[in-house]
Every structure is written in structure tokens, then in C-alpha cells.
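sequence plus predicted model, see below.
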Amino acid sequence: MKHRKATACLRQAAWALAPILLTAASFGARAQEVVKIGFTGPLSGGQAAYGTDNRDGLLLAVKELNAKGGVQVGSKKVKFEVDAQDDAADPRQGVAVAQKLADEKVKYVIGPYNSGVAIPAGRVYNEAGMLLLTVASNPKVTELGYPRLFRVGVNDAQVGIAMAVYAAKEMKAKNVAVVDDRTAYGQGLVQEFVAEAKRQGLNVVKQEFTTDKATDFTPILTSIRSAKPDAVFFGGYSSQGGPMLRQMVSLGISAKLLGGDGICTTETSRLSGNVADGKVFCTQAGVILGKADAGRAFAAKYKAAYQRDPLTYAVSFYDAAMLLADAMQKTGSTDPGKLAEALAKGSYQGVAGEYSFTDKHDLKSSPVSVYGFKNGQPEALSSF
């Protein structure tokens, strides 16, 4: 009899405790949140090496954040997942990717890589109320005036100007030819280079254009050869810059090949048939990784994770994820609008430099480094 009464009492106690246990379980579930970060970049096509590099920089940051248990945002812990999408460096596909991420209710996106994608896709991200952190360099990207769009790399003006100054003052060039790939990136870069080249007293002896899908540059290079330039500035990417250099050499053009961050990669050397040493000079954003402890540590972590060296913007995508997590922690919020307000007013020290923004949401201070090539690898020469 006593046993039955004891059992009944235990059942009553269990039922009484059940709501408390359920409430505690529910609180535990609410206390941790998984947040998706969208990624958009060229994971296929001629620029896939860049897209993969960028994505993996982002993934490395997310892995580190999650390994620490996530980020404390107000009363809850936040962990991260990456929703990686391939925009193939194509504006139409980039817009489709933007709509897909918007439909999936992703609140934050790191990318696009290409200005030609960022400009049309930016409208979709803006209308969906999403926060966008991009390295797209055409000045028009931030001139769109979207309140939740920030550029986390340099713009074309900074990259083009630095290369023109270096060509005039260090290389002592007199005559230059220019070629652009007809993308928003390539055209913007050439425009800025030409303007500064003229201010520096350089003669622009030839202006040509190609496309970002071209493989044969013989006609334009033959035309350039007759102008006998000291250097050829190319506004475009390694997928064209490497083959262009190979064809320059075969045509007997001794001019140096200059460019921006789009050709500042081992891909340029590989696609040129390994003739880039002493022939290619390029500019890209940020500090020289090998000259700072944080940069060396990042490069070592990246290589350990992926068995290859980082290319141009892996560090910027890594920093962008850390910047986003830092803003969440400081504001105690995951609301894109509140995070954008915090980014606009605040400052964050990343691996590649300091992230504080102008009224247009460009970086206030972004060093630009000039590189040559040695043993097929970009080698830092100087910084501006």
C-alpha cells in the first residue's frame, strides 16, 4: 500500500515538474541560434579560382568562430552556417542568386566579387533589407547609396592610381597602352589608371578592349606592338591576363604587363606559361601579409586548411565574417539595419587593415600594395 502511494506521489511530482522542464528546454533551444551567411561569387567559369579562394576565406572564419562556441549576441549564442552560391561572374546569374538568397530569408551576404554582378544584384539585396559586404571595386557600387551595402576592399580609383604612380616614378615608363575586358571592373580600373597616368605625364599611346571570355589577343596586341609602349595596363582578370602575357612574349612585345588586383595572383603566372617573373606588376588592397604577424598567421592557417596559398581577397572575406560577428556582439542584435548602423559608426581591426567607413560606405583608409612576380608568385615591392 505504501509502495502504491509513493508511486502516485512520484507521478504527481513528475507532472508538476514537466512544464518547468519543457520551459527550460525551450529556453535552451532559444539560447542558441544558427545564422546563415550568404556567399556569392564565381565558383565556375574562368574566375572560379577567385571565387573558391574567397569562399574558403569566409569558411575559415566561420570555422574559427564556431570552434569557440559561436558569438554571444545579447542573451543567446550565435553559430554560423555559410550558404554558398555560384554567380559565375555573370550579372544575370548574380541577380538570380540574390533573389534566391532573399527568398531563403538570408539576412547577410558577403560578396559579390565582381562589380558587374554587384551593381545589378545590389538592388535586390537592398529591397530585401539584407546587409551586403562586398569587395567589388567599381566606384559606382557604393554610389548606389544603399544603406546596408559596404565595400570591404579598395575601389578602382585607389588601385588604378597606385599602379600609374608606380609606373611613372619607379618604372620610369614614358609610353603606355591600355586594354580593358569590357566588364564594369575592367573599364573602371582602366579609366582610373588613364586619368592618373596623364597626371603623371605618361603618354597613353593606344587604347584597346577585349572581353572576359576571349582567348586570342593577337589582333589587339599586333596593334599595340606598333605603338612600342613601355608597359601595357590590362583591366581584367588572370583568366585573360595570363594568356595575354604569353601571346605578348610570342609576338616579341617587351613591354611589362601591368594591372590591378584581378591579375595579382599565381593564376596569371600559370596561365602565361610561367613567364610572369619580371614581366608582371600589379596592385591590390591591404597590407602585405608577409610583413605583419597577423598576415603571416592567416596565410599559414589558410594553407594548412586548403593546401594552397590564399589569392587576392581570401583575407577580405575572412575579415568580413569577423567584422559581421563583431558587430553582432557589440550591438547584441542580428538585425541587418542595426548592424549597418554600427558598421557605419564603428571601427574593426582586421587582418588586412582597419575597417571604418566613409559616408559612402567605402573604407576610410585602405593601403594599396604593388607586387611583381618571382618564381611564379606575387612578391610585394612597396605600399602606398
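Nice, thanks for sending it over.

quick check: which ranges of the stretch 101-250 of the chain have low pLDDT?
Across the stretch 101-250 of the chain, nothing is flagged by pLDDT under 70.

surely residue 270 touches residue 242?
Yes: between residue 270 and residue 242 a contact is recorded at 6.6 Å, counting by C-beta atoms under 8 Å. Any C-beta I mention is one placed from the backbone N, CA and C, and that applies to glycine too.

more crowded one of those two?
residue 242 (25 against 14; other C-beta atoms under 10 Å).

secondary structure element holding residue 120?
helix 115-127 (DSSP states H and E).

buried set for that helix?
Judged by neighbour count (16 or more other C-beta atoms under 10 Å), helix 115-127 contains these buried residues: 115-119, 121-122, 124-126.

so how far is residue 229 from the residue most central in space within the chain?
Residue closest to the mean C-alpha point of the chain, counted by C-alpha atoms, centre = their mean, is residue 135 at 4.1 Å. Look at residue 135 and residue 229: by C-beta to C-beta, to the nearest Å, they are 30 Å apart.

also residue 245?
For residue 245 relative to residue 229 (C-beta to C-beta), the value is 14 Å.

neighbour count winner among the two?
Neighbours per residue (other C-beta under 10 Å) separate residue 245 from residue 229, with residue 245 holding more: 28 against 24.

count of residues packed around the nearest residue to the more buried one once chain neighbours are set aside?
In this structure, residue 245 finds its nearest non-sequential neighbour in residue 272, 4.1 Å apart by C-beta to C-beta, 6 or more residues apart in numbering. Counted with other C-beta under 10 Å, residues neighbouring residue 272 total 26.

what's residue 272 sitting at in phi/psi?
With angles defined as degrees, to the nearest 10, residue 272 sits at phi -90, psi 0.

give the contact list for it.
Listed by C-beta atoms under 8 Å, 6 or more residues apart in numbering, the contact set of residue 272 reads 241-243, 245-246, 249, 280.

of those residues, buried ones?
241-243, 245-246, 280.

restricted to helices, list the contacts of residue 272.
241-243, 245-246, 249 (DSSP state H).

quick one: which of those residues is nearest residue 330?
Lowest distance from residue 330 to the ones in helices among the contacts of residue 272 (C-beta to C-beta) belongs to residue 241, with 40.4 Å.

and that closest one, how far from residue 233?
11 Å.

joint contacts of the two?
Joint contacts of residue 241 and residue 233 (C-beta under 8 Å, 6+ apart) are residue 259.

just the C-alphas of the host helix or strand of residue 159, formatted as PDB.
Applying DSSP H and E as the criterion places residue 159 in helix 156-169. Taking C-alpha atoms only, helix 156-169 is exported to PDB below (Å, rounded to 0.1, in the frame of the first residue of the first chain):
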ATOM      1  CA  ASP A 156      39.300  51.100 -58.600                       C
ATOM      2  CA  ALA A 157      40.500  54.700 -58.100                       C
ATOM      3  CA  GLN A 158      42.900  53.600 -55.400                       C
ATOM      4  CA  VAL A 159      44.200  50.600 -57.300                       C
ATOM      5  CA  GLY A 160      44.500  52.300 -60.700                       C
ATOM      6  CA  ILE A 161      46.100  55.400 -59.200                       C
ATOM      7  CA  ALA A 162      48.800  53.400 -57.300                       C
ATOM      8  CA  MET A 163      49.800  51.500 -60.400                       C
ATOM      9  CA  ALA A 164      50.100  54.700 -62.500                       C
ATOM     10  CA  VAL A 165      52.200  56.400 -59.900                       C
ATOM     11  CA  TYR A 166      54.500  53.300 -59.600                       C
ATOM     12  CA  ALA A 167      54.800  53.100 -63.400                       C
ATOM     13  CA  ALA A 168      55.800  56.700 -63.700                       C
ATOM     14  CA  LYS A 169      58.000  57.100 -60.600                       C
END
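
which is the next helix or strand following that helix?
Using DSSP H and E, the helix or strand that follows helix 156-169 towards the C-terminus is strand 175-180.

let me know the next secondary structure element after that next one.
Where DSSP H and E defines the elements, the next helix or strand beyond strand 175-180 is helix 184-199.

how about that following helix: buried residues?
184-194, 196-197.

now do the helix or strand where residue 64 lies: which elements does it pack against?
Assessed by DSSP H and E, residue 64 sits inside helix 48-67. Identification of packing neighbours for helix 48-67 by 3 or more C-beta pairs under 8 Å, 6 or more residues apart in numbering; DSSP states H and E yields strand 32-41, strand 76-86, helix 293-306, helix 314-331.

what does it rub up against?
Applying C-beta under 8 Å, 6+ apart, the external contacts of helix 48-67 come out as 37, 39, 41-44, 71, 79-82, 84, 86, 89, 110-111, 113, 135, 237-238, 265, 267, 301-302, 305-306, 310-322, 325.

just the buried ones from those residues, in ChimeraX syntax?
Restricted to buried positions by 16+ other C-beta under 10 Å, the ChimeraX selection for the contacts of helix 48-67 reads:
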select :37,39,41,42,43,71,80,82,84,86,89,110,111,113,135,237,238,265,267,302,306,310,311,312,313,314,315,316,317,318,319,320,321,322,325
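
ok so, going back, could the ones in helices among the contacts of residue 272 go into CSV alongside distance to residue 363?
CSV is the format used below for the ones in helices among the contacts of residue 272 (distance: C-beta to C-beta, whole Å):
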residue, distance to residue 363
241, 25
242, 29
243, 32
245, 30
246, 35
249, 36
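
on that earlier part again, what's the angle from the helix holding residue 120 to helix 156-169?
150 degrees (axes from the mean of the first three to the mean of the last three C-alpha atoms, to 10 degrees).

next secondary structure element downstream of helix 115-127?
Sequence-wise, the next helix or strand downstream of helix 115-127 (DSSP H and E) is strand 131-134.

which strands border that following strand, and is each parallel or antiparallel?
Take DSSP bridges as the rule and strand 131-134 pairs in its sheet with strand 108-110 (parallel), strand 149-151 (parallel).
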